[in-house]
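[1] Next come a sequence and a model predicted from it.
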Amino acid sequence: MLLISPDSVEEALDCAKAAEHLDIVDVKKPDEGSLGANFPWVIREIRGAVPADTPVSATVGDVPYKPGTVAQAALGAVVSGASYIKVGLYGCTTTEQAVEVMRGVVRAVKDHRPDAFVVASGYADAHRIGCVNPLALPDIARRSGSDAAMLDTAIKDGSGLFDHVPPDVCGEFVRLAHEADLLAALAGSVKVGDLGALTRIGTDIVGVRGAVCEGGDRNTGRIQPHLVAAFRAEMDRHAREHTAGVAAAS
Ligand SMILES: O=C[C@H](O)COP(=O)(O)O
């Protein structure tokens, strides 16, 4: 699946123009951090702006180790119309802290909307910010009752997912997530050139913003429907080639 992150209602409308090429519209506020949370009314407006059959996701923020605060914020996101709730476990330094935060989120979200989808996100560049190890995320997601484990990058300085967690280690992340019956989502300045490896290792959800913004700039560029379409075409090409390769080998 392809998840695209607009930062405003205007950009969400650009996503809506490319709705046939994407699977999830992910509301965030990049100027508040990698998984910066946007306002409830923006989530609500975006939910109203994209086709009803396109799920809307919302990031709850690069959150501190404050389980009550984060659970209440997550409830705010789901009440505002998001059905995918993404939490960046920025302030959690241990697995136990992260499980505690995510358990609160899962309860808050699913008490309100049982079919909502909860994503526990860590950071590929965790070593730069001192939060939980990327490979701990599948276990954190499983123990907390989340639905997916995700990695993004915390610091958007031009380095990407594979600069911090090489493809073989991302492959291990995906394997651990699948073993725990979770979806595996990967993001972090992902480029078209990364799609071959992401497909090969079995990634379920690829998250992008910069790669589909004009000039490849996630901050000053705006999401371009034709770049979304081109990115999707490459994803589909890799998926077809991978499937054909697997069939030929068996
Ligand atoms: O969840 C996906 C992120 O918004 C990825 O953004 P990025 O591709 O600019 O790193």
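    Received the coordinates, thanks.
[2] From here on, just use CA atoms for contacts and neighbour counts.
    OK.
[3] And the longest helix anywhere in the chain, what does it pack against?
    The residue-count maximum for a helix in the chain (DSSP state H) belongs to helix 225-249. In this structure, helix 225-249 makes packing contacts with helix 9-17, helix 195-200, judged by 3 or more C-alpha pairs under 8 Å, 6 or more residues apart in numbering; DSSP states H and E.
[4] now these in TSV, with distance to the ligand and mean pLDDT?
    Below are those laid out as TSV (distance: least, C-alpha to the nearest ligand atom, whole Å; pLDDT from 0 to 100):
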stretch	distance to the ligand	mean pLDDT
helix 9-17	13	91
helix 195-200	12	98
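[5] Pull the number of nearby residues for the residue lying closest to residue 46 once chain neighbours are set aside.
    Of all residues beyond its chain neighbours, the one nearest residue 46 is residue 9 (5.5 Å), with distances taken as C-alpha to C-alpha, 6 or more residues apart in numbering. Each residue near residue 9 was counted by other C-alpha atoms under 10 Å, and the total is 20.
[6] Quick check: residue 9 touching residue 44?
    No: Residue 9 lies out of contact with residue 44 (C-alpha atoms under 8 Å); the separation is 9.5 Å.
[7] Overlap of the contact sets of the two?
    By C-alpha atoms under 8 Å, 6 or more residues apart in numbering, residue 9 and residue 44 have no common neighbours.
[8] Tell me which residues touch the residue nearest to residue 46, please.
    42, 45, 46, 49.
[9] what number of residues lie near the nearest residue to the last one once chain neighbours are set aside?
    Here the nearest residue to residue 49 in space, its sequence neighbours aside, is residue 13; by C-alpha to C-alpha, 6+ apart that works out to 6.3 Å. Other residues within reach of residue 13 by the criterion other C-alpha under 10 Å amount to 18.
[10] show me what contacts residue 13?
    Taking C-alpha under 8 Å, 6+ apart as the definition, contacts of residue 13 comprise 46, 49, 50.
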